[in-house]
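Asks: Just a sequence and a predicted model for now, questions to come.
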Amino acid sequence: MTERQYDVIVWGATGFTGKWVARHLYQNYPQSELRWAIAGRNQQKLDDVHTFIGDDASTVDALLADSNDEVSLQRLVASTKVIITTVGPYAYYGSKLVEACVDAGTHYVDLTGEVPWMRRMMDQHTAAAEASGARIVHCCGFDSIPSDMGNFYIQQQAKKRLGTYLQSVRYVLQKMKGGASGGTIHSMFNVMKEAVEDRNILRLMVNPYSLNPNPDFKGPDKRDQTSAIYDSELGVWTAPFIMAGINTRVVRRSNAMLDFAWGKDFQYSETMVTKGRMSAMGIAYGFMIFAGTATTNLGRKLLARFLPAQGEGPEVDPENPGFYVIDFYGRTADGRKITARVKGDSDPGYGSTSKMLAESAVCLALHDDELVGGGFWTPASAMGEQLLKRLQDHAGLSFEILESDAKA
């Protein structure tokens, strides 16, 4: 690793999110501190990235490769400690890159939310990753760092303040402003398509432990929320949260990867607050309509007409970059409570995601000797306290305890 030319390469730097990842690195990490480069398959578009990030002198190296050219991918990953990839849908464009990283012992981060594809990668390459030392860390964007690291944070604080870990944690999205990138939307479309075509994938999607090392693990969690529900404890109406299907499984995998530190009876769920009953019902029905429409080719084509295309994203307003606020409600086995809040200072779909993804890669590159060995990890199980600090210092996230019961 110490002999490699780069610490980090941004693969897919010419896409919407990739450009923002490159901008974050350019603004925060000069080459004297972090040896990093951008990569893609089109030289002109890579030149445009230099302009976008403000690198008029082209001080950041630009490398050419192609997702369908295994030799070029092998050459790319062999030159760096860590690969960041924003090129999705990952089921189409990610498999060869993962294999190349595993073979070369190169660490890897992405922002996928494609559960079936991740399961395939884990099943096919875990043993080889453990042998080569490659740390493969999926879900390093809005799905699922706020969930995974938010739960990690409240669990650590519970141990410190209450003397024990939490038996259950609820993620409640309080408010959010932002939009999804085209890559995220088309990845969701691909998952829907796979689930319709293969009933085994559909069963995997509804299995709450589908990303556990052993997907047949039987725990207390059931299916994610699908309807409008009044939460009597919080006094609010809640609706299904569209990212729960990936976030919850990542958090449960973290528990398993940490040797069930929070217990085999640990429960985790996600929901979102709404303005009232009608709003909650509207979101729930809208979610069902979207999911139903996205299961057909015609439906996906219709939806694509109104949503960002791959490589595109929401309109960016520098004066109003978006935000999100998430509360975590934890409870110990003996009923004591603790509440934490996680806030992000920009649009979850690109601004915050790009910073979280970049900092995950930097964490793997700069804390190499302090982290776990090779394998398929989650953000919390791979990087823990080191990533928690980087997110607060460099990625615009804040973590705080709002209230806590007394220690027993």
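Replies: Structure's in. What do you need?
Asks: Low-confidence regions, the stretch 201-350 of the chain specifically.
Replies: For the stretch 201-350 of the chain, residues meeting the criterion pLDDT under 70 lie at 310-314.
Asks: what about the helices in it?
Replies: For the stretch 201-350 of the chain, applying DSSP state H, counting those that start in this stretch gives helices covering 244-257, 277-293, 297-304.
Asks: Out of those, which is the most enclosed?
Replies: Ranked by mean neighbour count, the helices of the stretch 201-350 of the chain are led by helix 244-257 with a mean of 25 (mean count of other C-beta atoms under 10 Å). All C-beta spots, glycine's among them, are computed from the backbone N, C-alpha and C.
Asks: Show residues contacting that helix.
Replies: 113, 115, 138-139, 143-144, 147-148, 151-152, 169, 171, 205, 208-214, 217, 219, 221, 224-225, 241, 261-263, 266, 268-271, 377-381 (C-beta atoms under 8 Å, 6 or more residues apart in numbering).
Asks: try stretch 83-94
Replies: With contact meaning C-beta under 8 Å, 6+ apart, stretch 83-94 is reached by 8-13, 15, 17-18, 21, 67, 76-77, 97, 101, 106-112, 114, 116-117, 121, 183-184, 186-187, 189-191, 194, 310, 357-358, 361.
Asks: same thing with stretch 149-156?
Replies: Stretch 149-156 is contacted by residues 165-166, 169, 171, 251, 254, 261-262, 268, 326, 328, 330, 338, 340, 342, 379-380, 384-385, 387-388, 391, 397, 399, 401 when judged by C-beta under 8 Å, 6+ apart.
Asks: Show me which of those residues are buried.
Replies: 165-166, 169, 171, 251, 254, 262, 268, 326, 328, 330, 338, 340, 342, 379-380, 384, 387-388, 391, 397, 399, 401 (16 or more other C-beta atoms under 10 Å).
Asks: Format the helices of the stretch 201-350 of the chain as JSON lines; extra columns: distance to Ala39.
Replies: Shown next, in JSON lines, are the helices of the stretch 201-350 of the chain (distance: least, C-beta to C-beta, whole Å):
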{"stretch": "helix 244-257", "distance to Ala39": "26"}
{"stretch": "helix 277-293", "distance to Ala39": "33"}
{"stretch": "helix 297-304", "distance to Ala39": "27"}
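Asks: Return the distance of the closest residue to Phe52 other than its chain neighbours relative to Trp377.
Replies: Leaving aside its chain neighbours, Phe52 sits nearest to Lys19 (5.1 Å; criterion: C-beta to C-beta, 6 or more residues apart in numbering). Remark: distance between Lys19 and Trp377 (C-beta to C-beta, to the nearest Å) = 27 Å.
Asks: These two - which one has more neighbours?
Replies: Ranked by neighbour count (other C-beta atoms under 10 Å), Lys19 and Trp377 place Lys19 first, with 25 against 22.
Asks: Need phi/psi at the residue most central in space within the chain.
Replies: Nearest to the mean C-alpha position of the chain, by C-alpha atoms, centre = their mean, lies Cys139 at 2.7 Å. Dihedral pair for Cys139: phi 60, psi 50, per degrees, to the nearest 10.
Asks: With adjacent residues omitted, what lies nearest to it?
Replies: Excluding the flanking residues, the one nearest Cys139 by C-beta to C-beta, 6+ apart is Val250, at 5.1 Å.
Asks: any idea how far the one you found lies from Met257?
Replies: 10 Å.
Asks: Could you do Ala228 as well?
Replies: Counting by C-beta to C-beta - Ala228 and Met257 are separated by 34 Å.
Asks: Next: Glu99.
Replies: Distance, Glu99 to Met257, by C-beta to C-beta: 21 Å.
Asks: just Arg331 next, same as before
Replies: 23 Å.
Asks: now Leu97
Replies: In this view, Leu97 and Met257 are 22 Å apart by C-beta to C-beta.
Asks: Next, count neighbours for Gln174.
Replies: Around Gln174 there are 13 residues (other C-beta under 10 Å).
Asks: What residue spans form the domains of the chain?
Replies: Under automatic domain parsing, the residue ranges defining each domain of the chain are 6-142+352-391, 145-347+397-404.
Asks: Deepest-packed of the ones you listed, please.
Replies: Taking mean count of other C-beta under 10 Å, domain 6-142+352-391 is the most buried of these, at a mean of 21.
Asks: got a list of what Ala294 touches?
Replies: 188-189, 192-193, 300, 303.
Asks: Could you pull up phi and psi at it?
Replies: Backbone geometry at Ala294, expressed as degrees, to the nearest 10, gives phi -70, psi 0.
Asks: who does the helix or strand containing Val172 touch, helix- and strand-wise?
Replies: Val172 belongs to strand 168-177 when assigned by DSSP states H and E. If contacts are counted by 3 or more C-beta pairs under 8 Å, 6 or more residues apart in numbering; DSSP states H and E, strand 168-177 sits against helix 145-162, helix 244-257, strand 267-273, strand 323-331.
Asks: at 6 Å what do you get?
Replies: Other helices and strands packing on strand 168-177, by 3 or more C-beta pairs under 6 Å, 6 or more residues apart in numbering; DSSP states H and E, are strand 267-273, strand 323-331.
Asks: can you list contacts of it?
Replies: With C-beta atoms under 6 Å, 6 or more residues apart in numbering as the test, strand 168-177 has contacts from 147, 151, 241, 267-273, 322-331.
Asks: With stretch 353-363 instead?
Replies: 8, 17, 20-21, 24-25, 82, 84, 109, 111, 140-142, 145, 383, 386-387, 390, 394-396.
Asks: Return the distance of it from the chain's centre.
Replies: Distance of stretch 353-363 from the chain centroid (C-alpha atoms, centre = their mean, to the nearest Å) equals 10 Å.
Asks: Please apply the same query to stretch 371-381.
Replies: With C-alpha atoms, centre = their mean as the basis, stretch 371-381 stands 14 Å off its chain's centre.
Asks: cool, stretch 230-237 as well?
Replies: On C-alpha atoms, centre = their mean, the centre of stretch 230-237 falls 28 Å from the chain's centre.
Asks: Can I get it in CSV, CA atoms only?
Replies: Taking C-alpha atoms only, stretch 230-237 is exported to CSV below (Å, rounded to 0.1, in the frame of the first residue of the first chain):
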residue,chain,number,x,y,z
TYR,A,230,-49.7,7.5,14.6
ASP,A,231,-46.9,7.3,17.1
SER,A,232,-48.6,7.8,20.5
GLU,A,233,-45.2,8.1,22.3
LEU,A,234,-44.0,11.0,20.2
GLY,A,235,-47.5,12.4,19.5
VAL,A,236,-47.0,12.5,15.7
TRP,A,237,-48.1,10.8,12.5
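Asks: Perfect, that will be all.
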